[in-house]
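In: this one's structure only:
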């Protein structure tokens, strides 16, 4: 109701102690309203409020499965979500999603870079093996698609160096793959 009619309802909602199921229901409604121009800002507000909850909220995945996210419009929101307390499985699923899209992955460079930096700094929080494989796949694809763009290529190399320094044992199997692209 708060998404559709009244902000004061949202304020009251935020003050309540909710169960994981209740938070999930609220976020599913916000995700389903996200692509509607009339309700998008309130939906985003609700999702931002709950993205750092202690619960894993599967409704966030609905945003990219239903293709609700527009990188040009929602880059800041996507980065916030990728750096939130949500499950590393959601981050990995999102990385797989952007890697498998037919569209150019280049427009996701800043998102990938932020995920990489966060993983390099705070890798203990995430189950890094889950995210690392998907992240490396995106970096390699991004590098491959931008061989002649020095700016993007250098960002990819910086990301690779960050991961290599922090996760050398996990990165080793991918070294030859990355070297072969170059």
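Out: That came through fine. For clarity, every value in this text was computed on a predicted model and none was experimentally measured. Residues are numbered from 1 along each chain as shown.
In: for the most centrally placed residue in the chain, what are its contacts?
Out: In the chain, the centroid-proximal residue (Cα atoms, centre = their mean) is residue 82; its distance is 3.3 Å. For residue 82, the contacting residues are 91, 94, 111, 114-115, 118, taking Cβ atoms under 8 Å, 6 or more residues apart in numbering as the criterion. Glycine gets a C-beta too; all of them are placed from N, C-alpha and C.
In: Dump these into a markdown table; add distance to residue 47, pLDDT and secondary structure as well.
Out: Conversion of the contacts of residue 82 to a markdown table gives the following (distance: Cβ to Cβ, whole Å; pLDDT from 0 to 100; DSSP: H, G, I helix; E, B strand; the rest coil):
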| residue | distance to residue 47 | pLDDT | secondary structure |
| --- | --- | --- | --- |
| 91 | 15 | 85 | helix |
| 94 | 14 | 87 | helix |
| 111 | 16 | 93 | helix |
| 114 | 18 | 91 | helix |
| 115 | 18 | 90 | helix |
| 118 | 19 | 83 | helix |
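In: Can you pick out the most distant pair from these?
Out: For the contacts of residue 82, the maximum inter-member distance is 13.1 Å, found between 94 and 118 (Cβ to Cβ).
In: neighbour count winner among the two?
Out: Set side by side, residue 94 and residue 118 show unequal neighbour counts under other Cβ atoms under 10 Å, the larger going to residue 94 at 26 against 17.
In: Wait, that one touches residue 62, no?
Out: No: using Cβ atoms under 8 Å as the test, residue 94 is too far from residue 62 to be in contact (11.8 Å).
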